[in-house]
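**Q** Please work out how this folds:
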Amino acid sequence: MSTRTFILKSDDAPSSEASVAVSLEKYRRDLNDAQFDAVTTTEGAILVVAGAGTGKTKTLTYRAAYLVESGVAPTSILLLTFTRRAAQEMLNRAAMLGDGRCASILGGTFHSYAHRLLRQYGTSIGLADNFIVLDQADSEDAIEIVRTALGFHKKEKRFPKKGTLQHIISAAANKQLPIETILDHSYPHFQSLVADIEKLAVAYQEYKRANSLLDFDDLLTRLKELLLEQPSARHKISSTLRYIMVDEYQDTNVVQAELVRLLSEVHGNVMAVGDDAQSIYSFRGANYRNILDFPKQYENCKLIKLEENYRSTERILNMTNAVINQAKEKFAKTLFTTQKLGGEYPAVVSAPDERFQSRFISQRILELREEGVPLHQVAVLMRNSRDSFDLELELRKRNLPFVKYGGQKIVEAAHIKDFVAYLKLLHNPKDALSWNRVLKLLSGIGPKTAQEVIEWIRTAEQPYRLETATVSPKYLESLRKLGDLLALLSHNVQTQPLISIAEAIYEYYKPILREQYFEDYPKREKDIENFLAIMLNYTTLQSLLADLALEPLDFSAIETKATLKDESPLTLSTIHSAKGLEWHTVFLINALDGVLPSRYSAADSAQLDEELRLLYVALTRAKNLLYISYPIICSGYGADDYFGNPSRFISNVPEEVYEKLLLVQERAAQKQLAAPKKELPPAKDDLAF
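**A** Below is the predicted model:
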């Protein structure tokens with residue numbers, strides 16, 4: 001018997017040449033040449049290096065629509081993003097653009113897609129079909145159960161708490177590194193416990209397996225296990241897909257990049273979209289090499305660069321191009337614009353000190369508002385959240401509303417609240433709330449005993465004589481030590497410099513801080529030292545507490561009230577939290593060498609490159625105006641004032657691409673010379689620049 005082959009026409013084939021031609025006309029009209037190339041190149045591996053503001057999302061949206069309009073079954077297209085909202089937004093826009101069937105494209109996060117596949121195929125690697133996914137809080141609780149079962153909660157040497165252990169185990173999973181390496185890099189003070197932490201991590205995995213549990217990281221690692229150990233399942237899954245698109249590829253970790261490779265094994269049609277120049281999340285496990293090595297890992301990979309920028313002015317782009325060109329490893333590209341030629345030069349502002357820097361920014365923001373720039377179109381960016389402490393005080397004085405993103409807010413941090421509570425007790429020894437806070441920091445004293453002491457303080461003639469309080473004798477020594485300190489400092493508060501008072505409190509509080517916040521006390525100590533540096537600007541305790549008390553213990557909370565009805569606040573943000581956003585005007589503060597780049601990165605070329613990319617991300621948020629400022633004289637706790645140097649990344653930029661801005665104090669005498677002879681109003685606290 002002879003055998004013949006009958007070829008079925010693919011349902012994915014274009015319905016007609018005419019339909020594709022109609023689509024092409026629309027795409028040519030709406031896209032630039034590079035975007036059009038990325039949208040219409042459908043076969044094989046493609047890396048789209050999309051510079052900041054070059055229409056990355058638009059390109060992905062149009063490509064999804066183009067594939068479906070060309071006859072590709074939506075369920076054979078997979079769009080992987082880092083947030084579910086991003087995927088849904090792209091698919092909704094694609095559906096509105098061309099074909100409602102785009103809503104049926106498989107879109108979502110790596111974790112959601114992994115969860116879907118593990119529900120279908122997980123039994124082949126021993127997963128129960130009713131496995132439960134733990135959120136972070138559940139994961140921490142499970143670790144606590146294991147920690148207690150192993151007896152580590154009773155160890156003589158302090159053992160990490162459940163939250164810290166969860167972070168360590170998660171980092172090892174995402175980076176595919178041994179726990180010992182994670183401890184070396186991020187938790188060196190726990191290095192002596194490496195064997196115990198490794199033992200706990202193994203026990204945690206066994207606990208999850210025994211109870212049919214998966215944590216967030218397991219969704220990726222167990223899917224990788226499935227695809228590697230079950231070739232038939234891998235082939236079946238990959239065969240159901242025809243196209244894979246991955247957004248923000250520079251933010252993928254080692255496991256995610258491997259999953260993309262395995263899922264595309266049959267068809268090889270992978271489009272990775274991202275910007276190597278915006279890879280700034282290595283601390284979360286993102287691997288910069290994923291995007292750099294993509295062309296090497298996929299045969300005949302096509303590289304497309306999106307370089308036409310639709311966000312920033314020409315002069316801002318000249319500055320950002322000059323910055324990123326310093327990177328040692330990169331895809332060479334030059335952003336350009338045809339939309340906003342010229343524009344004002346970016347300004348590099350050298351302020352005499354941090355207070356001048358804060359006054360300049362506040363004054364300039366007020367001027368911009370008068371010129372018609374809404375506050376919500378202005379952002380102040382910083383390397384570290386603590387860098388804006390002084391600025392927040394100044395914005396409060398000027399009644400400028402702001403919202404702050406990223407990092408810990410100054411008085412929201414528990415250790416700063418502790419420290420301020422001691423200061424408040426010097427100002428008011430009857431402050432019950434502050435007493436409650438500091439008393440509960442003492443060993444063994446809980447809410448009940450603290451309340452007993454506070455009741456005694458209410459009627460005491462000498463409230464600092466805590467050793468005479470009517471409480472259990474076992475607490476009297478620690479109470480005496482606290483009372484003696486406060487009594488001594490209260491006598492000196494009018495005669496001694498405020499910083500001397502604060503340093504004495506810090507010396508007392510430091511061992512308490514290390515006991516209370518053992519997991520990360522080095523970071524918290526640094527926060528307090530930065531707070532002490534801010535205190536150098538104050539001569540009296542009353543003036544400091546007045547500024548901090550503008551809104552009770554909420555002085556730099558999530559946002560402040562608007563001064564005008566319906567006025568949206570300006571934005572204060574760490575650079576990491578600002579990625580993907582844009583504003584009319586951007587101020588980058590404390591652009592100092594040792595801050596950006598961080599002094600901890602100086603000896604590591606890879607870390608230096610990431611610091612450079614962090615600066616690039618900050619600068620590319622600006623659409624019309626860009627100010628980069630730094631203080632010339634810097635104040636640091638535990639050291640004399642010192643000269644600050646601008647970031648080396650700025651110093652290496654050709655001077656012709658920016659202007660220098662020098663701040664000069666406007667003097668009453670200068671006003672008088674220039675004005676007609678008449679009675680003058682009081683001099684304003686303004687800067688001339």
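**Q** Tell me the gap between the host helix or strand of Asp527 and the middle of its chain.
**A** Using DSSP states H and E, Asp527 maps to helix 521-535. Centroid separation for helix 521-535 versus its chain: 20 Å, with CA atoms, centre = their mean, to the nearest Å.
**Q** Distance of the spatially most central residue of the chain relative to Ala286?
**A** Most central in the chain under CA atoms, centre = their mean is His576, positioned 3.5 Å from the mean C-alpha point. For His576, the distance to Ala286 equals 11 Å [CB to CB, to the nearest Å]. All C-beta atoms are positioned from the backbone trio N, CA, C, and that covers glycine.
**Q** Please apply the same query to Glu43.
**A** Distance from Glu43 to Ala286, by CB to CB: 28 Å.
**Q** show me the contacts for Val39.
**A** Counting by CB atoms under 8 Å, 6 or more residues apart in numbering, Val39 touches 27, 31, 59, 62-63, 66.
**Q** what residue ranges in the chain score low on pLDDT?
**A** 1-23, 99, 155-157, 407-412, 546-567, 636-640, 667-689 (pLDDT under 70).
**Q** and the longest helix for it?
**A** Counting by DSSP state H, the longest helix found in the chain is helix 498-516.
**Q** From the chain's centroid, how far away is that one?
**A** With CA atoms, centre = their mean as the basis, helix 498-516 stands 29 Å off its chain's centre.
**Q** That helix vs helix 521-535, what angle?
**A** If you take axes from the mean of the first three to the mean of the last three CA atoms, to 10 degrees, helix 498-516 sits at 160 degrees to helix 521-535.
**Q** Check which residues of helix 498-516 are buried.
**A** By 16 or more other CB atoms under 10 Å, the buried positions in helix 498-516 come out as 498-499, 501-502, 504-506, 508-509, 512-513, 516.
**Q** can you check stretch 430-437 too?
**A** Neighbour counts using 16+ other CB under 10 Å place 431, 434-435, 437 of stretch 430-437 among the buried residues.
**Q** Same check on stretch 232-242?
**A** Buried residues in stretch 232-242 (16+ other CB under 10 Å): 233-234, 237-238, 241-242.
**Q** farthest-separated two in these?
**A** Using CB to CB, these reach their maximum pairwise distance at Ala233 and Arg242, which is 18.0 Å.
**Q** Pick the one among the buried residues of stretch 430-437 closest to Leu608.
**A** Of all these, Leu608 sits closest to Arg437, with 41.2 Å by CB to CB.
**Q** Phi, psi for that closest one please.
**A** Taking degrees, to the nearest 10, you get phi -70, psi -50 for the backbone angles of Arg437.
**Q** Please enumerate the strands of the stretch 51-200 of the chain.
**A** 77-81, 106-109, 132-133 (DSSP state E, counting those that start in this stretch).
**Q** and the nearest residue in space to Tyr508 that is not next to it in sequence, what element?
**A** Of all residues not flanking Tyr508 in the chain, Leu485 sits nearest, at 5.3 Å (CB to CB, 6 or more residues apart in numbering). If you go by DSSP H and E, Leu485 is part of helix 476-492.
**Q** now the angle from that helix to helix 498-516?
**A** 160 degrees.
**Q** who's more crowded, Glu43 and Ala286?
**A** Ala286 (23 against 11; other CB atoms under 10 Å).
**Q** who's in contact with the more buried one?
**A** 250-253, 279.
**Q** Can you give me the end-to-end span of stretch 307-315?
**A** By CA to CA, to the nearest Å, the extent of stretch 307-315 from end to end equals 15 Å.
**Q** got the buried residues for that stretch?
**A** 307-309, 311-315.
**Q** And stretch 337-357, by the same measure?
**A** Result for stretch 337-357 [16+ other CB under 10 Å]: buried residues 337, 340, 343, 345-357.
**Q** what are the ranges of the strands in the stretch 201-350 of the chain?
**A** With DSSP E, counting those that start in this stretch as the definition, the stretch 201-350 of the chain shows strands at residue ranges 213-214, 243-246, 270-274, 302-306, 347-353.
**Q** Just the buried residues of the second one, please?
**A** Buried residues in strand 243-246, counting neighbours by 16+ other CB under 10 Å, are found at 243-246.
**Q** strand partners of that strand, parallel vs antiparallel please.
**A** The partner list of strand 243-246 in its sheet, established with DSSP bridges, is strand 77-81 (parallel), strand 270-274 (parallel).
**Q** what's the burial count for the closest residue to Glu258 other than its chain neighbours?
**A** Spatially, and ignoring its direct neighbours in sequence, Glu258 is nearest to Lys224 (5.9 Å; CB to CB, 6+ apart). For Lys224, the neighbour count with other CB under 10 Å is 18.
**Q** which residues touch Lys224?
**A** So Lys224 contacts 255, 258-259, 262 (CB under 8 Å, 6+ apart).
**Q** and if you look at Arg364?
**A** 587, 627.
**Q** got it, and the one 5 residues further on?
**A** Residues near Arg369 by CB under 8 Å, 6+ apart: Leu375.
**Q** I figured Asp129 was touching Tyr121, is that so?
**A** No. Look at Asp129 against Tyr121 with CB atoms under 8 Å: they stay out of range, at 10.4 Å.
**Q** So which of those two has more stuff around it?
**A** Relative neighbour count places Tyr121 above the other of Asp129 and Tyr121, with 19 against 10, counting by other CB under 10 Å.
**Q** Excluding residues flanking it in the chain, which one is nearest that one?
**A** Among residues not flanking Tyr121 along the chain, Ala233 sits closest, at 4.9 Å (CB to CB, 6+ apart).
**Q** Starting from Glu582, give me the distance back to that neighbour.
**A** Distance from Ala233 to Glu582, counting by CB to CB: 43 Å.
**Q** just Val453 next, same as before
**A** 53 Å.
**Q** between these two, which one's more packed in?
**A** Shown here are Val453 and Glu582; by other CB under 10 Å, Val453 has more neighbours (21 against 16).
**Q** mind listing the strands for the stretch 551-689 of the chain?
**A** With DSSP E, counting those that start in this stretch as the definition, the stretch 551-689 of the chain shows strands at residue ranges 570-574, 583-588, 622-634, 642-643, 659-662, 664-665, 687-688.
**Q** now the longest one: how far from the chain's centre is it?
**A** Yep, that's strand 622-634 we're talking about. 20 Å.
**Q** any idea of the angle it forms with helix 521-535?
**A** Put simply, strand 622-634 runs at 80 degrees to helix 521-535, going by the same axes, to 10 degrees.
**Q** Show me what strand 622-634 pairs with in its sheet, parallel or antiparallel.
**A** Partners of strand 622-634 in the sheet, by DSSP bridges, are strand 347-353 (parallel), strand 583-588 (parallel), strand 642-643 (antiparallel).
**Q** so which of these comes closest to Gln176?
**A** Of all the strands paired with strand 622-634, strand 583-588 comes closest under CB to CB, at 34.2 Å.
**Q** hang on, the earlier thing: using CSV, write out every CA atom in the helix holding Leu485.
**A** Provided in CSV are the C-alpha atoms of helix 476-492 (Å, rounded to 0.1, in the frame of the first residue of the first chain):
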residue,chain,number,x,y,z
LEU,A,476,15.4,49.8,88.1
GLU,A,477,19.0,49.6,86.9
SER,A,478,18.1,50.1,83.2
LEU,A,479,15.6,52.8,84.2
ARG,A,480,18.2,54.6,86.3
LYS,A,481,20.6,54.6,83.3
LEU,A,482,18.0,56.1,81.0
GLY,A,483,16.9,58.7,83.6
ASP,A,484,20.5,59.8,84.4
LEU,A,485,21.2,60.3,80.7
LEU,A,486,18.1,62.4,80.1
ALA,A,487,18.6,64.4,83.3
LEU,A,488,22.2,65.2,82.4
LEU,A,489,21.3,66.2,78.8
SER,A,490,18.3,68.3,79.9
HIS,A,491,20.7,70.5,82.0
ASN,A,492,23.0,70.9,79.0
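**Q** In terms of secondary structure, what does that helix contact?
**A** helix 414-427, helix 498-516 (3 or more CB pairs under 8 Å, 6 or more residues apart in numbering; DSSP states H and E).
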